[in-house]
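Asks: Sharing a sequence plus its predicted fold:
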Amino acid sequence: QQIIQVINPNTSAAMTHTIAQAARAVAAPETTIVAVCPSQGVPSIEGHFDEAVAAIGVLEQIKAGREQGVSGHVIACFGDPGLLAARELASGPVVGIAEASMHMATLVATRFSIVTTLPRTVIIARHLLRQYGFEHHCSAVHAIDLPVLTLEDGSGLAQEKVRERCIQAMQQDGSGAIVLGCGGMSNLAQTLTRELGIPVIDGVSAAVKMVESLVALGLSTSKHGDLDYPVQKNLSGQFQHLN
Ligand SMILES: NC(=O)NC1=NC(=O)NC1=O
């Protein structure tokens, strides 16, 4: 038995539920998924400011998960907010859904496209492609030009826009795979893969299986060097609970 903590870095309960369902759909029988989100922070993450605010909530959840003895962690926002800080704090493996989906895409295609939410989050995806070394694997990054929380408004409009953008990417980009660029899209991958006949990859499920693999291989975050636990010091005020 093992527990994998899946953190939705935004405070939307509906999106946490969507993410939890996608994680549980692929988790191994011996894996228990614990889905959480910060008690305070941003309702959705749509830029650099939101990511900075959300990162503190991610670290709070990582600390709580480590104290509960979880085997590993998933950061379920396409910006992978707080990823390296989370790896310092965690003892188990920490995988972000952007890096997980990008890695998976490179294993099934020579080029992939990304379909994300607002145009301004395109730059965040581009920063991650460079940081992870996948720039030359990614043909294009598209945005549905709708706010993140429209994915949870029940209208189906955002889901239809994702489908349209995936079809465009398949026809125009010369990509063999498509990466869904938002945790809130995690329930669309299977249907779109079947309908479009192209691997459409969700980062939540990819990250859950990568954490399971790391645990199975006995691999956890290296504490040799820059991902060692944070230097002990006295955090003050509202950050005391992170000590
Ligand atoms: N590109 C994105 O839409 N990132 C995200 N913002 C959120 O609040 N969750 C995501 O996955």
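Replies: Yes, it's here. None of the values given here were measured: they were computed from a predicted structure.
Asks: all helices for this protein, in order.
Replies: Counting by DSSP state H, the chain has these helices, from start to end: 13-26, 48-68, 83-89, 97-108, 119-132, 157-172, 189-196, 203-216.
Asks: Quick check: which of those helices is nearest to His142?
Replies: In terms of Cβ to Cβ, the element of these nearest to His142 is helix 157-172, at 4.8 Å. In this view, the C-beta of every residue, glycine as well, is placed from N, C-alpha and C.
Asks: Next, the buried residues of that closest one.
Replies: Residues Ala158, Gln159, Lys161, Val162, Arg163, Arg165, Cys166, Ala169, Met170 are the ones in helix 157-172 that count as buried (16 or more other Cβ atoms under 10 Å).
Asks: Stretch 37-54 now?
Replies: Those buried within stretch 37-54 under the rule 16+ other Cβ under 10 Å are Cys37, Pro38, Gly41, Val42, Ser44, Ile45, Glu46, Asp50, Glu51, Val53, Ala54.
Asks: and the closest residue in space to the fifth one that isn't next to it in sequence, what is it in contact with?
Replies: What sits nearest to Ser44 in space, not counting adjacent residues and going by Cβ to Cβ, 6 or more residues apart in numbering, is Val148, at 3.9 Å. Remark: with contacts taken as Cβ atoms under 8 Å, 6 or more residues apart in numbering, Val148 is in contact with Asn10, Met15, Ser44, Ile45, Glu46, Thr117, Leu118, Cys182, Gly184.
Asks: Near the ligand, which residues of the protein are found?
Replies: 10, 44-45, 77-79, 116-117, 121, 148, 181-184 (Cβ under 6 Å from any ligand atom).
Asks: Restrict the residues you listed to the buried ones and give me that as a PyMOL selection.
Replies: A single PyMOL command selects the buried members of these (16+ other Cβ under 10 Å):
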select buried, resi 10+44+45+77+78+79+116+117+121+148+181+182+183+184
